[in-house]
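Trainee: Make a model of this:
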Amino acid sequence: MRRLNPERTAKDKAAAAASKPAAFGEDIDLDQYIHDSDESPYQAEPSQLPAETKRQMLQVGVTFDDPSQRSGTIVQIDHSTIHSLSTQQGIEVMSTRQALEEYDWLSDYLWKAVAVDVDKYAAHVELGQSNGYFIRALPGSKSIYPVQACLYLSKARLAQKVHNIIIAEEGSELHIITGCTTALKGEPGLHIGVSEFYIKRGAVVSFTMIHSWAPEVAVRPRTGIIIEEEGVFLSNYVIMRPVQSLQMYPVARCVGANAAVRFNSIIAASPSSNMDVGSKVLLNAKGARTEIITRAITTGGNIIARGYIEGNVPDVKGHLECRGLILGDKGMIYAIPELKGTLAGVDLSHEAAVGKIAEEEIEYLMMRGLTREEATATIVRGFLRVDIEGLPAELNLELQRAIEMSEKDLM
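Mentor: Below is the predicted model of the structure:
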C-alpha cells in the first residue's frame, strides 16, 4: 500500500527550495556562476604550495611551518581536498566525502543543524558538486593544539560549495581555526559554506573563523549549532578585508541543561562592501546562557549587525552587545538587537551603540606626540580588542595576529 505522505529526501527538499531567497541579505543570481570544478592534485606536503598561496592562507591563520603545532590540518581548493591529516590520537580530520564513505551513521547528522531547504544557498550545496571537512573529537579526547582548516577559492566565477560537519563527542574538547580566502583579483566568485556543529554532553568547542575575500566575491555561510547538557560552544569571527556581499546568521540551539554559547564578531566594511551579519541563540534548556558580542567598523561600506536571543525556559540568561564605529563620511551601520522571552524567569539584556571617534580622544593622544593617523589607529585597535574567555593562548595569539595584519589595510 502506498504511503500517503512519504518523507521527502534531502534532495527532494533541496530541489523544492532551489529558487528560495534567503530571509536576509541581497539576493544573488546563482546562474551567473560556474558550479563545477576540476579535481586538484593531492599535496602530501602543503608547505610545497606556491608562495603566494601560502601567504594568503597565512593571513587567515593557516600555517604549514610547524605541523607539530596543529592537531590536524585540512585544505580544500575549490571542491578538492588537497591535504588532510590528523596528528593527534582521538581527533579525526578528513573530507566530508571521505567521512560519508567511511561512516554509515554520519548520514544521520546531515541537515539536522541546518535545514536543507532554509534557502537556495543551502539547497544548492545538496544539489550540486560540493565537499567540505569533517572534524570529530572522540569521547574524552582533548585537542592539545588547534585543528586548522583552509577553504580556498581559486577558480573565477566558481560557486564553491562546502558542507562541514563538526562533532565533539561527550566530554571532549576541540579547538578549530578555519581560514577562508581566495586567489581571485578582479574576478567574481561565490562561497557557500554550510557548517553543522554537534556539541555533546560536557564537550567544549572553540571555533575561530577568519575571512579574507575580495571586492568581487560574494559569501553565504549557513551555520547551525546544537549544544547538549553542560556543552560549551565559543565562536570567534573576523572579517576586515573587502567583500562584495556577505550574509550570515548562525543559529545555536541550547538543548541541554547548562549549555553555553558565545559569539564574538569583529567586522569591518570597506567602501563597496555590503555585510548583513548576525547570530541567533535559542535558550531551550534550564540554566542555558549566552553572550553575543559584536564590534563593527565601516570605512565606507554598509553593515547590518543582527543579534537575537530567545529564552523559552526559566533560569536562562543572555546578553547581547553591539558597538559600531563609523570612520569617515560614508558608510552605514544598522544595529538590530532582538530579545524574546516566552515566560517568567528569563534574564535577557542588550546594549547597542553606533557613533564616531570623539575628537577629544584624538586630541588627547595627539598632545602626547601621536599624529592624527596614529591616534586614530590606536583608538581603533583598542576598539577591536574583545576579551575572549576560554580561548587557548596559542589560538588567541593567532586571532590577534590576524586582526593586526588586517588593521593596516583597514586604516
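Trainee: any idea which element the nearest residue to Lys54 once chain neighbours are set aside lies in?
Mentor: Of all residues not flanking Lys54 in the chain, Phe64 sits nearest, at 6.6 Å (CB to CB, 6 or more residues apart in numbering). To be clear about C-beta, it is placed using only N, CA and C from the backbone, and glycine gets the same treatment. In the assignment (DSSP states H and E), Phe64 maps to no helix and no strand.
Trainee: now the strands: where do they sit in the stretch 1-150 of the chain?
Mentor: 72-77, 80-86, 91-95, 133-137, 147-153 (DSSP state E, counting those that start in this stretch).
Trainee: Can you add mean neighbour count and mean pLDDT and give the ones you listed back as a markdown table?
Mentor: Shown next, in a markdown table, are the strands of the stretch 1-150 of the chain (neighbours: other CB atoms under 10 Å; pLDDT from 0 to 100):
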| stretch | mean neighbour count | mean pLDDT |
| --- | --- | --- |
| strand 72-77 | 24 | 98 |
| strand 80-86 | 19 | 97 |
| strand 91-95 | 21 | 98 |
| strand 133-137 | 27 | 99 |
| strand 147-153 | 26 | 97 |
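Trainee: Please render those as a markdown table that adds distance to Lys286 to the earlier fields.
Mentor: Output for those, formatted as a markdown table (distance: least, CB to CB, whole Å):
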| stretch | distance to Lys286 |
| --- | --- |
| strand 72-77 | 35 |
| strand 80-86 | 36 |
| strand 91-95 | 31 |
| strand 133-137 | 26 |
| strand 147-153 | 32 |
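Trainee: Nearest to Val232 among the ones you listed would be which one?
Mentor: strand 133-137 (12.9 Å; CB to CB).
Trainee: got any ranges where the stretch 301-411 of the chain has weak pLDDT?
Mentor: Within the stretch 301-411 of the chain, the segments meeting pLDDT under 70 span 386-411.
Trainee: Strands along that one, start to end?
Mentor: 302-311, 316-326, 332-341, 346-355.
Trainee: mind giving me CSV with those and columns for mean neighbour count and distance to Tyr42?
Mentor: Below are the strands of the stretch 301-411 of the chain laid out as CSV (neighbours: other CB atoms under 10 Å; distance: least, CB to CB, whole Å):
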stretch, mean neighbour count, distance to Tyr42
strand 302-311, 23, 39
strand 316-326, 22, 43
strand 332-341, 16, 44
strand 346-355, 14, 47
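Trainee: Restrict stretch 228-246 to CA atoms and write it as CSV.
Mentor: Output of stretch 228-246 as CSV, limited to C-alpha atoms (Å, rounded to 0.1, in the frame of the first residue of the first chain):
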residue,chain,number,x,y,z
GLU,A,228,23.7,19.4,24.7
GLU,A,229,23.9,19.3,28.5
GLU,A,230,26.9,21.2,30.0
GLY,A,231,28.3,21.7,26.5
VAL,A,232,30.1,24.9,25.5
PHE,A,233,30.5,26.5,22.1
LEU,A,234,32.7,29.5,21.6
SER,A,235,32.7,31.2,18.2
ASN,A,236,35.1,33.9,17.0
TYR,A,237,34.6,35.5,13.6
VAL,A,238,36.8,38.1,11.9
ILE,A,239,36.4,39.8,8.6
MET,A,240,38.4,43.0,7.9
ARG,A,241,39.1,42.9,4.2
PRO,A,242,36.8,43.9,1.3
VAL,A,243,34.0,41.6,0.2
GLN,A,244,31.2,42.3,-2.3
SER,A,245,28.4,40.8,-0.3
LEU,A,246,28.3,38.8,2.9
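Trainee: ok, Ile199 touching Gly171?
Mentor: No - at 11.3 Å, Ile199 does not count as touching Gly171 under the criterion of CB atoms under 8 Å.
Trainee: These two: which has the busier surroundings?
Mentor: Neighbours were counted for Ile199 and for Gly171 using other CB atoms under 10 Å; Ile199 has more, 31 against 17.
Trainee: where do the helices sit along this protein?
Mentor: Listed in chain order, the helices of the chain (DSSP state H) span 10-16, 51-58, 96-102, 120-127, 359-366, 372-384, 393-410.
Trainee: winner for burial among the ones you listed?
Mentor: Among the helices of the chain, ranked by average contacts under mean count of other CB atoms under 10 Å, first place goes to helix 120-127 (a mean of 23).
Trainee: ok, back up a step: for the residue nearest to Lys54, give me its contacts.
Mentor: Contacts for Phe64 (CB atoms under 8 Å, 6 or more residues apart in numbering) come out as Pro46, Ser47, Leu49, Lys54, Met57, Thr73.
Trainee: a markdown table for those residues, including distance to Thr181?
Mentor: Supplementary listing: the contacts of Phe64 in a markdown table, determined by distance: CB to CB, whole Å:
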| residue | distance to Thr181 |
| --- | --- |
| Pro46 | 14 |
| Ser47 | 17 |
| Leu49 | 13 |
| Lys54 | 11 |
| Met57 | 6 |
| Thr73 | 15 |
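Trainee: Let me know the closest of these to Thr294.
Mentor: Using CB to CB, the contacts of Phe64 come closest to Thr294 at Met57, 26.0 Å.
Trainee: Thanks a lot, catch you later.
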